[in-house]
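I'll drop the sequence and a predicted model, then ask my questions.
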Amino acid sequence: MRDLGPLPLPPLVIYRSAVVLWCGKRASPDGPPVVDVAWVHNNDSGEPLGEPVLAGAQVLIGDIDMIDGQNYDVFRGACGRMLTAPPLVTYEGASLFLSAWWQSGPRMWWADLLRIVDDPALSPRRPRVVGRRVPAAEVQRLDGQDYRPVPRLRASE
């Protein structure tokens with residue numbers, strides 16, 4: 001049995017100048033491998049704001065660019081590997097990934113949140129994942145997200 005820990009975010013890549021998650025690699029019967037990429041889609045159409053969702057696409061491996069500092073070892077060699085992004089939540093109006101629930105004491109719960117920071121002024125072509133622990137009561141779950149895989153951990157005393 002493996003040790004429970006926070007859910008990881010799949011590695012980041014660049015697709016069409018946007019930072020996206022690399023979630024899978026599949027063999028293509030008639031060409032180079034195909035990769036599954038995903039990104040957070042917010043309603044930018046001017047319509048009433050709906051809940052953010054994780055959108056995705058299958059693209060040719062040649063259409064993505066690697067990012068320095070990301071670990072792509074899981075996709076080296078054989079095809080067929082799939083990774084799942086943690087579920088989305090909202091916190092202070094932002095869409096973030098929920099990697100774990102933490103309990104400290106008998107009644108206090110915390111949420112470990114992950115966000116992708118892509119600030120070209122600070123680090124061109126080097127986006128990173130930043131984590132933050134916040135009170136769980138301040139996090140809003142979203143309809144359609146599966147929170148069952150999110151581990152419930154105890155903070156060490």
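Sure thing, it's come through.

When you work out contacts or count neighbours from here on, use the C-alpha atoms and nothing else.
OK.

gap between the spatially closest residue to Trp22 that is not a sequence neighbour and Gly56?
Nearest residue to Trp22 in three dimensions, chain neighbours excluded: Val37, at 4.7 Å (Cα to Cα, 6 or more residues apart in numbering). Distance, Val37 to Gly56, by Cα to Cα, to the nearest Å: 5 Å.

which residues in the chain form strands?
For the chain, the strands defined by DSSP state E occupy 12-15, 18-28, 31-41, 53-60, 64-66, 88-91, 94-104, 108-117, 128-135, 140-141, 152-154.

sorry, back to before: could you measure the residue nearest to Trp22 against Gln103, distance?
33 Å.

Repeat that for Ile116.
Distance from Ile116 to Gln103, by Cα to Cα: 25 Å.

Please apply the same query to Gly56.
Remark: distance between Gly56 and Gln103 (Cα to Cα) = 33 Å.

Please apply the same query to Arg148.
16 Å.

ditto for Trp110
Relative to Gln103, and taking Cα to Cα, Trp110 is found at 6 Å.

neighbour-wise, which of these two wins?
Trp110 (22 against 17; other Cα atoms under 10 Å).

Now do the contacts for that one.
Trp110 sits next to Trp101, Trp102, Gln103, Ser104, Arg133, Val134, Pro135, Ala136, Ala137 when contact means Cα atoms under 8 Å, 6 or more residues apart in numbering.

Could you rerun that using 6 Å?
For Trp110, the contact set (Cα atoms under 6 Å, 6 or more residues apart in numbering) comprises Trp101, Trp102, Val134, Pro135, Ala136.

partner residues bridging the closest residue to the fourth one other than its chain neighbours?
Read it as Pro135. Using Cα to Cα, 6+ apart and skipping the chain neighbours, the partner closest in space to Pro135 is Trp110 (4.5 Å). For Trp110, the beta-bridge partners are Trp102, Pro135 (DSSP bridges).
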